[in-house]
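[1] here is my input, please return the structure:
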Amino acid sequence: MITAQFVLTMARYNAWQNRQMKAAMEALGEDECKKDRGAIFGSILATANHLLWGDAMWMARFDGGARPQGGIPESVDMTARLPDWALERFRMDGRILLWAEALRAVDLVGDLKWYSGAQGREVSKSMALCVTHMFNHQTHHRGQVHAMVTAAGGEGWTSDLAFMPGEGPWL
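    Model prediction:
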């Protein structure tokens, strides 16, 4: 389904996107990022927190490291301030990159088993599907943040994978 090279490309893309999202959020300002915008998680910061929480949850399953506190309802409160979010986002992007750099083809084979708090039961899914889902989840919520930032009068950012800077091969 996917390769280790694809995962590394997506990890690099994630970090690039988050750097741009951080700059757009900082330019907008913390007060604007905390305003309820009517999105599923409310504000820009709350949505960015949920994304950070989701990455932490998936990475705990993938690399065995620390998992975030609480469930989906608490995910919006992962950090209280924009600078705190930026620091944790930087750390998480580094964690994802280090994991992706060490990934081997065999690591993507087989099933991942975990207890899903959202579903209230044990779940088993293809590892490759779960990794793909993590990157898809990131893109989905960054798209929501992009829409809220631009609706608030802020600058959007380049999201085209084909225009990510750096050396190939990409896919």
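[2] show me which residues of the host helix or strand of Phe90 are buried.
    Phe90 is part of helix 82-102 when elements are defined by DSSP states H and E. Using 16 or more other C-beta atoms under 10 Å as the test for burial, helix 82-102 gives Leu82, Trp85, Ala86, Glu88, Arg89, Met92, Asp93, Arg95, Ile96, Trp99, Ala100. Placement of C-beta: from N, CA and C, glycine included.
[3] ok, stretch 13-30 next?
    Judged by neighbour count (16+ other C-beta under 10 Å), stretch 13-30 contains these buried residues: Tyr13, Asn14, Ala15, Trp16, Gln17, Asn18, Gln20, Met21, Lys22, Ala24, Met25, Leu28.
[4] which outside residues touch it?
    Stretch 13-30 has contacts (C-beta atoms under 8 Å, 6 or more residues apart in numbering) with 33, 44-45, 48, 81-82, 86, 89, 93, 96-97, 135, 138-139, 142, 145-146, 149, 152-159, 161, 164-165.
[5] just the buried ones from these?
    33, 44-45, 48, 82, 86, 89, 93, 96, 135, 138, 142, 145-146, 149, 154, 157, 159, 164.
[6] the helix or strand containing Ala48 vs helix 82-102, what angle?
    Under the criterion of DSSP H and E, Ala48 resides in helix 44-63. Helix 44-63 and helix 82-102 are oriented at 30 degrees to each other (axes from the mean of the first three to the mean of the last three C-alpha atoms, to 10 degrees).
[7] skipping adjacent residues, who's closest to the most centrally placed residue in the chain in space?
    Central residue of the chain (C-alpha atoms, centre = their mean): Gln138, 3.9 Å from the mean position. Of all residues beyond its chain neighbours, the one nearest Gln138 is Asn14 (5.5 Å), with distances taken as C-beta to C-beta, 6 or more residues apart in numbering.
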